[in-house]
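Undergrad: Okay, structure incoming, though there's no sequence with it:
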């Protein structure tokens with residue numbers, strides 16, 4: 001594949017009505033996929049509530065240097081997300097929306113940067129399709145709705161790599177001057193955004209960008225172009241962006257270097273200490289899931305790219321750049337001793353650009369094999385959904401709801417692939433009809449709240465539990481005497497702490513003599529871990545429909561433990 005072998009129907013041959021339809025569809029896709037339903041569920045998992053707590057603490061205390069969790073320094077991640085969320089809290093108040101807004105904005109900026117790159121290399125049609133396909137993937141939708149560091153890191157790195165493409169001379173076209181000029185703006189922006197990526201997640205940004213450029217130079221033999229990335233302008237911009245916070249934080253916290261660099265970077269990569277052990281091939285299925293519903297297109301792009309390379313043994317410098325960018329990310333984290341799905345997020349933008357160019361090439365050529373693959377996958381998904389709906393699930397309402405919701409999701413994803421298989425018209429609307437493939441995805445996002453009720457009958461976060469607990473008068477006593485939890489997973493415990501605005505400890509680790517304890521079920525003695533000499537009150541407060549109960553616990557006879 002070369003930069004000019006991707007035939008497209010450019011805007012000049014598209015009617016005004018079609019252009020307006022494209023604009024409306026792109027705006028709807030970006031808004032719904034990245035900004036809609038940011039508060040559909042509360043802050044979940046161990047990370048979201050902790051990161052949001054740290055950001056809120058920054059906004060409240062005015063200490064923008066040292067991240068603090070429950071009053072203690074917390075150096076698991078750098079500061080960029082905390083700054084973004086803290087600023088969002090100050091401007092718009094504390095909520096799930098404002099906690100997740102930095103990730104949504106980061107996803108938008110990365111998508112726009114990739115669209116600019118696609119426009120410079122391939123033209124308007126490829127840029128438009130990238131603006132549809134990339135936001136409508138499971139990976140981008142999911143991580144843009146997470147109050148975490150993954151999306152800000154991947155986005156800042158993506159923008160930095162777009163600048164690298166300009167520095168390497170890959171974005172030149174017929175309008176570029178014949179005499180080469182120093183890309184001052186690209187060098188400045190590269191250092192700035194790479195510095196932001198280091199502030200988002202640490203030195204991994206340097207490894208990912210440097211490794212990608214190294215692989216590209218190794219494959220193209222253009223070492224002189226690669227060394228332009230080390231231009232003093234880029235180095236100075238990077239240093240002025242990233243180093244001030246690291247220096248200030250190290251001066252205020254002498255153990256910062258040991259905790260952050262040694263424990264949370266080197267040990268996380270080289271040792272299994274953090275218990276995120278996965279096989280080497282872990283990221284292959286993760287990528288397939290991340291690109292749903294365009295996974296068939298991803299597999300087809302890989303197959304056609306491999307066949308084309310075997311036939312011609314040639315790839316353009318830009319395609320090698322995209323492959324080096326995505327490939328080094330997969331390789332680096334596949335060899336890590338600690339693997340989490342979010343680590344692979346930086347590989348999605350370059351792979352999405354490859355997807356967009358591959359789709360346009362196959363659609364314009366009306367490849368029968370490609371159309372057959374898309375139709376087969378789409379039809380199979382719809383048939384499986386029909387089978388799921390028709391299966392006898394007995395009397396379990398939960399099973400029926402999961403089957404119904406899952407069937408609708410599967411059917412809509414199948415419809416998306418069927419629409420993508422519609423051959424484009426070369427007159428009037430061009431690719432408008434197949435571009436409607438994103439509508440089923442948008443419908444799933446719009447219907448996420450009712451669908452979530454099918455899969456999550458109870459709130460997995462601490463939001464509902466905190467709201468129910470706040471309704472009862474004993475909660476005030478509990479907050480004064482001491483409120484604890486037992487048999488609650490870490491994520492929900494951290495989330496409850498965030499919503500109650502105080503650290504909620506596990507009762508078993510604290511074992512106070514007199515306290516209130518939230519338990520998941522009723523029993524004669526509250527059940528383990530509350531055993532003699534501790535005892536529960538006879539009556540418990542039911543905290544709404546959350547499935548949790550509030551007990552008064554004392555040390556001694558149960559007759560003394562009265563509400």
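TA: Great, that's in hand. Bear in mind the structure is a predicted one, so any value in this text is a computation, not a measurement.
Undergrad: For the rest of this, base every contact and every neighbour count on C-alpha atoms.
TA: Noted.
Undergrad: which stretches of the stretch 451-563 of the chain aren't confidently modelled?
TA: 472-481, 522-525, 557-563 (pLDDT under 70).
Undergrad: domain assignment for the protein?
TA: 39-364, 368-455, 463-560 (automatic domain parsing).
Undergrad: so residue 320 is in which element?
TA: helix 317-334 (DSSP states H and E).
Undergrad: how far out from the middle of the chain is that helix?
TA: Chain-centre distance of helix 317-334: 19 Å, with C-alpha atoms, centre = their mean, to the nearest Å.
Undergrad: Please identify the buried residues of it?
TA: 317-330, 332-334 (16 or more other C-alpha atoms under 10 Å).
Undergrad: and the domains of the chain, which is most packed in?
TA: For the domains of the chain, the largest average neighbour count (mean count of other C-alpha atoms under 10 Å) is found in domain 39-364, namely a mean of 20.
Undergrad: For it, give the mean pLDDT please.
TA: Averaging pLDDT along domain 39-364 gives 92.
Undergrad: Find out how far it is from the centre of the chain, if you would.
TA: Distance, stretch centre to chain centre, for domain 39-364: 11 Å (C-alpha atoms, centre = their mean).
Undergrad: Tell me the span between the first and last residue of it.
TA: 40 Å (C-alpha to C-alpha, to the nearest Å).
Undergrad: With stretch 439-453 instead?
TA: 22 Å.
Undergrad: can you give me how far it is from the chain middle?
TA: With C-alpha atoms, centre = their mean, you get 18 Å for stretch 439-453.
Undergrad: returning to what we had before: adding distance to residue 26, write the domains of the chain out as CSV.
TA: Converted to CSV, the domains of the chain look like this (distance: least, C-alpha to C-alpha, whole Å):
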stretch, distance to residue 26
domain 39-364, 6
domain 368-455, 10
domain 463-560, 33
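Undergrad: Compare those domains and report which one is nearest to residue 33.
TA: Proximity of the domains of the chain to residue 33 was assessed by C-alpha to C-alpha; the nearest stretch is domain 39-364, lying at 5.5 Å.
Undergrad: Tell me which of the domains of the chain lies nearest to residue 32.
TA: domain 368-455 (6.5 Å).
Undergrad: For the helix ranked longest in the chain, name the packing helices and strands.
TA: Ranked by residue count, the top helix of the chain under DSSP state H comes out as helix 96-121. Applying 3 or more C-alpha pairs under 8 Å, 6 or more residues apart in numbering; DSSP states H and E, one finds that helix 96-121 contacts helix 16-34, helix 80-92, helix 124-133, helix 138-144, helix 150-167, helix 348-364.
Undergrad: Residue 82 contacts residue 50, doesn't it?
TA: No. Residue 82 lies out of contact with residue 50 (C-alpha atoms under 8 Å); the separation is 10.4 Å.
Undergrad: show me what contacts residue 103?
TA: Residues in contact with residue 103, defined by C-alpha atoms under 8 Å, 6 or more residues apart in numbering, are 143-149, 151-152.
Undergrad: Check residue 68 too.
TA: So residue 68 contacts 54, 57-58, 74 (C-alpha under 8 Å, 6+ apart).
Undergrad: how about 6 Å then?
TA: 54, 74 (C-alpha atoms under 6 Å, 6 or more residues apart in numbering).
Undergrad: Can you tell me who it pairs with across the strands?
TA: Residue 68 has these beta-bridge partners by DSSP bridges: residue 73.
Undergrad: gap between it and residue 74?
TA: With C-alpha to C-alpha as the criterion, residue 68 and residue 74 are 5 Å apart.
Undergrad: tell me the helices in the stretch 201-350 of the chain, going along the chain?
TA: Using DSSP state H, counting those that start in this stretch, the helices assigned to the stretch 201-350 of the chain run over residues 204-220, 223-226, 232-252, 256, 267-270, 283-290, 295-312, 317-334, 348-364.
Undergrad: which non-adjacent residue is nearest the most centrally placed residue in the chain?
TA: In the chain, the centroid-proximal residue (C-alpha atoms, centre = their mean) is residue 143; its distance is 1.7 Å. Among residues not flanking residue 143 along the chain, residue 151 sits closest, at 5.9 Å (C-alpha to C-alpha, 6 or more residues apart in numbering).
Undergrad: Tell me how far the one you found lies from residue 238.
TA: Counting by C-alpha to C-alpha, the gap from residue 151 to residue 238 is 20 Å.
Undergrad: And for residue 134?
TA: Distance from residue 134 to residue 238, by C-alpha to C-alpha: 28 Å.
Undergrad: Likewise for residue 344?
TA: 23 Å.
Undergrad: Show the contacting residues for residue 366.
TA: With C-alpha under 6 Å, 6+ apart, residue 366 has no contacts at all.
Undergrad: which residues does residue 187 contact?
TA: Applying C-alpha under 6 Å, 6+ apart, the residues near residue 187 are residue 234.
Undergrad: which SS class is it?
TA: Put simply, residue 187 is helix when judged by DSSP: H, G, I helix; E, B strand; the rest coil.
Undergrad: quick one: it from residue 364, how far?
TA: Here residue 187 is placed at a distance of 37 Å from residue 364 (C-alpha to C-alpha).
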